[in-house]
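# Provided below for reference: sequence and predicted model.
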Amino acid sequence: MENIPGGRMSKIKIYTILSFLSVIILFISTVHALGITPGRTTVNFEQGLERTIPFSVLNNEHKKIGVIFMIQGELNRTITLFDNNVEFLPSEESKSFSYKVKLADKLEPGLHTGEVVAFELPQANAEGTYIGATVAVISQLHVYVPYPGKYVDVDLMVLDAQQNTTATFIVPVTSRGKLGIKEVRAIIDIYSALNEKIKTIETDYAPLDPGGRTELSAKWPVNVPSGNYFAKVTVFYDGESRSFEKQFGVGVNILSIESILVNDFTLGEIAKLQILVENRWSAELQNVFANLLVYNQEDQVMADVKSSTERIPSLSRKELIAYWDTAGVQEGEYDGRLVVKYDEKSAEKNLLLKIRSDSLDITGVGYAIRGKGAGGGISLTAVLLILVIILLIVNLAWFVFFRRFIGRNKKAK
Amino acid sequence: MNHKIFIIGQLIFLILIGIAIFFIYPRVQFNLDGNNVNFKSINANVVILSANPDFSNPRFVDINDSVSFNLKPGKYYWKASNGVIESFSNEFNIDSEVGLEIIEKNDKKILQNVGNVRVNVTKTTEGRFVGHIILEPDTGEEVEDGEYTGRQNE
């Protein structure tokens, strides 16, 4: 080995230590985290209303932090906090608090808001100054004052807007007026990005009580290319109307994972997984199979389960069956990934598997949803109504029979 | 036939109907854990779920044994059915959670939405409004020094 003079040796040592430290500093990650729940509390206005509203602050990263509370917004004078600050220890995940609201006797119709801000106190550096980024989270208070007459709040959601499927347009309508609405319905005009009208669809209709909420829906068979589209929505309610526009996208979805079903599960035995997939393409898909990967707490694959390979005819559903030997698997919650492969493509979903001795709950995959006519039954109210009608008829029949019987007796006398 | 027999007959009829309803009434065990709902069937095969008290636009969820799924924050109404009759309406609430996280790594700061709703994040520097960012749950964006305040945006 080459001789190195003492001074040079110590310099090399210092450089090595410094570069090691700088690498460590480079990879150190500082985390500021704060949460609050509920994010919003909604109250319908009542004259002079007084209410205590609870909320919780979450120390998501389990760190020692200080949090201060502030009130802001239009309703700041109506909100009174019981606490102004709080200290969290690493062992404390959340703490519950509350604030008091006392509404004025009169407020203008519409939405009025107030905010409770939870602000993470920044940590001072060695010089005693505060630098860097800090976070604050807000729990909102929304107070709705009803409008005189009839008034609605409306929105639009578009579900399953994929080629060769039927998209569902949902128009949530909330009554914000003092008067109820006899009938609310909507007309939706669909336009392309070039402003060419493609289709007009009508929703169903419903009555609406003051402060009530309903959802109007309409179906649209998607036979247009993928891309961006506009929906111009006009909501009609008892001779009045409100219009708005919303953009939505049409995508391409060939294969969709609908649900996973596991029946008669016993931990330690072989579980049968029924994976329902739908071919939304206009041609048959070949070599379709499902691959379920389950990960342990160290993020290593602890189960790799494959189903048999199937062919799925166009626009139809098929169940892929896979068997999982659960011998040696412990009870608990595990992350998983379900991949359904077809041709050279795949569809996948992240899952959460809750395994107990006699049950396997899989979360993350859509649950089987059936059409309106397929499920349900008679409501209990209807059963009771039928019962009342039967008893009424029986009693009327008895009454008629009884009068005739008395009449006959009188004639005989 | 006299009045007494007729009234007793009606009472027996009502009791029999009551017993029949008791046995065929659809029952499920309901559990709520954060935004995860679990329905365990006792003698029902469908849960009807809606965001509206009038059950407009309902979702019909099959429950052979047990079913779990996540829902967005909001108020929900549900009733069980066994194909013969539907149960009375029940309701539950999933609270929204506004959560922000700033991860500082390699001289970069990433602001992450760790809550369960879309948030509108306001950025202020020395008390002055600078701008705002909309973040969907589980998404993030690179940010600079400043104060980031998140509020529910849906």
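Cool, got the structure.

# let me see the domain layout of the chain.
No chain was given, so I picked chain A. Per automatic domain parsing, the structural domains of chain A span A:35-124+A:133-145, A:152-250, A:255-363.

# I was after chain B.
In the recorded assignment (automatic domain parsing), chain B comprises B:27-94, B:100-152.

# picking that back up, the domains of chain A: lowest mean pLDDT?
Lowest mean pLDDT within the domains of chain A: domain A:255-363, at a mean of 83.

# does chain B have contacts with it?
Yes. Using Cβ under 8 Å from any Cβ of the partner chain, domain A:255-363 reaches chain B at A:259, A:261, A:262, A:263, A:264, A:265, A:354, A:359, A:361, A:362, A:363. C-beta here means a position set from N, CA and C on the backbone, and glycine is covered the same way.

# for the helix or strand hosting residue B:121, give me every contacting residue.
Under the criterion of DSSP states H and E, residue B:121 resides in strand B:119-125. Outside of strand B:119-125, the residues within contact range by Cβ atoms under 8 Å, 6 or more residues apart in numbering or on different chains are A:39, B:98, B:100, B:111, B:113, B:129-135, B:143, B:145-153.

# in ChimeraX, how would I select the buried members of the residues you listed?
Selection of the buried residues among these in ChimeraX, burial being defined by 16 or more other Cβ atoms under 10 Å in any protein chain shown:
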select /A:39 /B:98,100,111,113,132,133,135,143,146,147,148,149,150,151,152,153
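
# now the stretch 201-350 of chain A against chain B: closest residue?
Nearest residue of the stretch 201-350 of chain A to chain B, counting by Cβ to the nearest Cβ: residue A:215, 3.9 Å away.

# tally of neighbours for the nearest residue to that residue once chain neighbours are set aside?
Spatial nearest neighbour of residue A:215, excluding adjacent residues (Cβ to Cβ, 6 or more residues apart in numbering or on different chains): residue B:57 at 3.9 Å. Neighbour count of residue B:57, defined by other Cβ atoms under 10 Å in any protein chain shown: 22.

# pretty sure residue B:57 is in a helix, no?
No. Secondary structure of residue B:57, determined by DSSP: H, G, I helix; E, B strand; the rest coil: coil, with no helix assignment.

# that one reaches residue A:213, doesn't it?
No. Using Cβ atoms under 8 Å, residue B:57 makes no contact with residue A:213, being 10.9 Å away.

# ok, how many other residues are close to residue 104?
Because you didn't say which chain, this covers chain A. Residues near residue A:104, counting by other Cβ under 10 Å: 14.

# to clarify, I was referring to chain B.
15.

# next one: the one 5 residues further on
A count of neighbours around residue B:109, defined by other Cβ under 10 Å, yields 20.

# so is the helix or strand hosting it next to chain A?
Taking DSSP H and E as the definition, residue B:109 sits inside strand B:108-113. Yes. Using Cβ under 8 Å from any Cβ, strand B:108-113 reaches chain A at B:109, B:111.

# pLDDT of that strand, averaged?
90.

# for the chain, just list every one of the helices.
Picked chain A for this. A:6-27, A:380-412 (DSSP state H).

# you looked at the wrong chain, it should be chain B
B:3-24.

# any stretches of it with poor pLDDT?
B:1 (pLDDT under 70).

# which residue ranges of it form strands?
B:28-33, B:36-41, B:46-50, B:59-62, B:66-70, B:74-81, B:85-86, B:90-94, B:98-105, B:108-113, B:119-125, B:128-135, B:140-143, B:146-152 (DSSP state E).

# does any bit of the shortest one sit next to chain A?
Yes. Part of strand B:85-86 sits near chain A under the criterion Cβ under 8 Å from any Cβ, namely B:85, B:86.

# which strands and helices sit next to that strand?
In terms of contacts (3 or more Cβ pairs under 8 Å, 6 or more residues apart in numbering or on different chains; DSSP states H and E), strand B:85-86 is packed against strand A:378-379, helix A:380-412.

# can you tell me which of these is packed in deepest?
Among the helices and strands packed on strand B:85-86, ranked by average contacts under mean count of other Cβ atoms under 10 Å in any protein chain shown, first place goes to strand A:378-379 (a mean of 16).

# okay, buried residues for stretch A:168-181 please.
A:169, A:170, A:171, A:172, A:173, A:174, A:175, A:176, A:177, A:179, A:181.

# closest to residue A:66 among the residues you listed?
Using Cβ to Cβ, residue A:174 is the member of the buried residues of stretch A:168-181 that lies nearest residue A:66, at 39.3 Å.

# contacts only, for that closest one.
Per Cβ under 8 Å, 6+ apart, neighbours of residue A:174: A:152, A:153, A:154, A:211, A:212, A:213.

# skip the chain neighbours and tell me the closest residue to residue 103.
In the absence of a named chain, this looks at chain A. residue A:49 (4.4 Å).

# oops, I was thinking of chain B
Closest to residue B:103 by Cβ to Cβ, 6+ apart is residue B:110, at 4.8 Å.

# and the one you found, how many neighbours?
Neighbour count of residue B:110, defined by other Cβ under 10 Å: 16.

# across the sheet, point out what pairs with it.
Beta-bridge partners for residue B:110, by DSSP bridges, are residue B:103, residue B:142.

# what of residue A:201?
Beta-bridge partners, per DSSP bridges, of residue A:201: residue A:188.

# tell me, how many residues neighbour it?
16.

# related to what we said a few turns ago, pretty sure the residue nearest to residue A:103 sits against residue A:75.
No. Under the criterion of Cβ under 8 Å, residue A:49 makes no contact with residue A:75, lying 11.7 Å away.

# circling back: of the residues of domain A:255-363 next to chain B, buried ones?
Buried among those by 16+ other Cβ under 10 Å: A:259, A:261, A:262, A:265, A:354, A:359, A:361, A:362, A:363.

# just those residues now: which is nearest residue B:94?
For those, the nearest to residue B:94 is residue A:363 (14.1 Å; Cβ to Cβ).

# that closest one against residue B:69, yeah?
Yes. Applying Cβ under 8 Å, one finds residue A:363 in contact with residue B:69, separated by 6.0 Å.
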